[in-house]
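> One predicted model, sequence on top.
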Amino acid sequence: VRDTLMANYFGTGFCCSAFVTAFTLPNLLRRLFGEGALASVFVPQFAQVMQEKGKEEAYKCASMTLSWLAVILTSITIVVAAVALASVPFLDFSPKWRLTALLIAVMMPYCIFICLTALCGAMLNTLGHFSMPALAPVFLNICIITTVWIGAFFCQKGSQVHIFYAALGVLLGGIAQLALQVPELWKRGYRFKFSIPLDHPFVKK
């Protein structure tokens, strides 16, 4: 439905191309820090700590990982968004790349929420809960569909302004996916505590 809606409103024009290009960057970070490299290291370590030292210590280690992840991704997001916005005046010769840079600045915060979502989902999977992590992508699609549909009423169909509604949907989708995991973790006794130690063995691993 999402792809059909995007095709209907934006076709294969440069707005859609700019959106896809801009969305690639936060998705790349998601593969590295969310569902890919980090998760493959985190899950066995988290499960091991839970088995050997108990749930409370495992939750403490999870909070440290989430804290570091949030700090690192926020820093990356600020730098990338700042560079993208700073490059806009130099891209006036190319409307597509100018629009891409603006969309990158809007959608980069998505990588923070989706990577935290992936890590929370990995925790829930380790705790034996699978439905909410599996449902998370549905909410991204719902948010994009909703904002694109709403945008069609307020701006010209398929315009540069309209594509920003789709970018807003991505951002809201990231927030919604993370919010979906929090109640399930809360039910299982997890309480996030911000902590970024440098010398903790779990963090080093």
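Nice, I can see it.

> so how far is residue 151 from the closest residue to residue 13 other than its chain neighbours?
Nearest non-adjacent residue to residue 13, counting by CB to CB, 6 or more residues apart in numbering: residue 158, 6.5 Å away. Heads up, the C-betas are built off the backbone N, CA and C, glycines and all. In this view, residue 158 and residue 151 are 10 Å apart by CB to CB, to the nearest Å.

> Same drill for the two, tell me which one is more crowded.
Neighbour tally, residue 158 and residue 151, criterion other CB atoms under 10 Å: the higher count belongs to residue 151, 21 against 17.

> That one contacts residue 166, doesn't it?
Yes - using CB atoms under 8 Å, residue 151 is in contact with residue 166, at 7.4 Å.

> Report the contact partners of the residue most central in space within the chain.
Nearest to the mean C-alpha position of the chain, by CA atoms, centre = their mean, lies residue 114 at 2.4 Å. Neighbouring residues of residue 114 by CB atoms under 8 Å, 6 or more residues apart in numbering: 26, 30, 34, 174, 177-178.

> what pLDDT does the residue sitting furthest away from the middle of the chain get?
Largest separation from the mean C-alpha position in the chain: residue 52, at 31.4 Å (CA atoms, centre = their mean). With respect to pLDDT, residue 52 has a value of 90.

> Secondary structure element holding it?
Of the helices and strands defined by DSSP states H and E, residue 52 is found in helix 37-53.

> Next secondary structure element downstream of the longest helix seen in the chain?
Counting by DSSP state H, the longest helix found in the chain is helix 55-87. Downstream of helix 55-87, the first helix or strand assigned by DSSP H and E is helix 95-107.

> roughly how far apart are residue 102 and residue 160?
Separation of residue 102 from residue 160 (CB to CB): 9 Å.

> the more surrounded of the two?
Taking other CB under 10 Å, residue 102 and residue 160 do not tie; residue 102 has more neighbours (21 against 16).

> For that one, which non-adjacent residue is closest in space?
residue 88 (6.3 Å).

> which residues sit in contact with the one you found?
Contacts of residue 88 by CB under 8 Å, 6+ apart are 98, 101-102.

> go on, residue 44?
Applying CB under 8 Å, 6+ apart, one finds that residue 44 lies in contact with no residue.

> do the one 5 residues further on as well
With contacts defined as CB under 8 Å, 6+ apart, the neighbours of residue 49 are 57-58, 61, 202.

> Lovely, talk soon.
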